[in-house]
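> Predicted model and sequence below, questions to follow.
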Amino acid sequence: MHIAQYTKAQTLAEAWELHQKKGSVVLGGCCWLRLSPQRIIRQAVDISALPLYDIEEGEKEFRIGAMVSLRDLELCPSFAAYTQGASKEALRHIVGVQFRNLATVGGSVCGRFGFSDVLTLLLALDASVVLYKGGEIKLADFAETGPGSDILTHIVVPKADRCTVYASLRLNATDFPVLACAVSCTADEVRCAVGARPARAQVLCTSREEVERAGADETVRQWADALTYQSNTRGSAEYRRDMAEVLCRRLLKQVLEESK
């Protein structure tokens, strides 16, 4: 990988202006940068000097800066308490502590990787992203379009009376997941996010009333059938389809029981 021009932005306005150049790339933790097919970066925009390192908890939401490391989010006691430990479960398998000290939440979300545990969890939590010019948009919409030439500054997780659980299927403890699932439940809605299919995570939403009327088995069957799956070296499409139903059933029954 070759970088022609490197600039450490001092303001968001400067970072945005630099990112308008053709062939520019925003640098976060840089841990996943080599997964990009781009081998020549004409303009590298380093945002590590910007004040995007805080996890702010308000009455209605968590506001997570784009430069917050995965390790900081993993160890955040208030976020872990809000997610009933699902955030720790989603993050603890990602490579190793040293890696999670470097990889950023913003980089993981912007990359929209198919294997992303972070994206899967945040979709189940009904998160939004904040773009410098584009403002706040739902993460589910952002996952389809990406940041484009904008700069992601924060991830917003709204607070609700929500029960959340997370599980993944891996061949080895620190390997990419074969399948990743997160289910969250409020009094009105159940959200199920399934990632590593191996395509990027998608979220399915069903009313709580409909889930209780159809039952857990029928609901997860419909969820599993609504998604598409592919084969790779970690598993076949058929295996992923079957495991999606199994994992989602376990998680759905757990959240329904815990949220009674």
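Arrived safely.
> Could you tell me the per-residue confidence at the residue nearest to Trp32 when sequence neighbours are not counted?
Nearest non-adjacent residue to Trp32, counting by CB to CB, 6 or more residues apart in numbering: Gly111, 5.4 Å away. For every residue, glycine as well, the C-beta is placed using N, CA and C. Listed pLDDT for Gly111 reads 88.
> try Leu12
For Leu12, the model assigns a pLDDT of 96.
> ok, now Ser116?
Looking at Ser116, its pLDDT is 94.
> now Gly148
For Gly148, the model assigns a pLDDT of 88.
> Tell me how many other residues crowd it.
Per other CB atoms under 10 Å, the neighbour tally for Gly148 reads 9.
> Could you verify that it is part of a strand?
No. Read with DSSP: H, G, I helix; E, B strand; the rest coil, Gly148 is coil and lies in no strand.
> which SSE is Ile155 in?
Assigned by DSSP states H and E, Ile155 belongs to strand 152-158.
> Would you mind pulling the contact partners of that strand?
Contacts of strand 152-158 with the rest of the structure, by CB atoms under 8 Å, 6 or more residues apart in numbering, involve 12, 52, 60-66, 79, 82, 105-106, 109-110, 122, 125-132, 136, 139.
> Now, of those, which are buried?
12, 52, 62, 64-66, 79, 82, 105-106, 109-110, 122, 125-132, 139 (16 or more other CB atoms under 10 Å).
> Now Lys21: closest residue in space, sequence neighbours ignored.
Gln43 (4.7 Å).
> Who are the contact partners of that neighbour?
4-5, 7, 18-19, 21, 23-25.
> let's go with 6 Å and repeat that
5, 18, 21, 24 (CB atoms under 6 Å, 6 or more residues apart in numbering).
> in stretch 25-38, what counts as buried?
25-29, 31-33.
> ok, so of those residues, who is nearest Arg240?
Trp32 (22.1 Å; CB to CB).
> Among the contacts of Gln43, name the buried ones.
Buried, going by 16+ other CB under 10 Å: 18, 24, out of these.
> Which parts of the stretch 51-200 of the chain are strands?
For the stretch 51-200 of the chain, the strands defined by DSSP state E, counting those that start in this stretch occupy 55-57, 61-65, 128-131, 135-138, 152-158, 163-169, 179-185, 189-195.
> all helices for the stretch 101-250 of the chain, in order.
105-111, 117-124, 139-145, 208-214, 216-226, 237-258 (DSSP state H, counting those that start in this stretch).
> Look up the closest residue to the residue most central in space within the chain, ignoring the ones flanking it.
Nearest to the geometric centre of the chain sits Leu119, at 1.3 Å (CA atoms, centre = their mean). Counting by CB to CB, 6+ apart, Leu119 lies nearest to Ala201, which is 4.9 Å off, once chain neighbours are set aside.
> again, but for Val183
Here the residue nearest Val183, using CB to CB, 6+ apart, is Leu251, at 3.9 Å.
> Next up, the contacts around that neighbour.
Counted by CB under 6 Å, 6+ apart, Leu251 has contacts 165, 167, 181, 183.
> With pLDDT as extra columns, can I get those residues in CSV?
Formatted as CSV, the contacts of Leu251 follow (pLDDT from 0 to 100):
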residue, pLDDT
Val165, 97
Ala167, 96
Cys181, 97
Val183, 98
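> With adjacent residues omitted, what lies nearest to Glu212?
Setting aside the residues directly before and after it, Glu212 is nearest to Leu256 in space (CB to CB, 6+ apart), at 7.7 Å.
> and the gap between that neighbour and Ala143?
Per CB to CB, to the nearest Å, Leu256 is found 26 Å from Ala143.
> Nice, that's everything, thank you.
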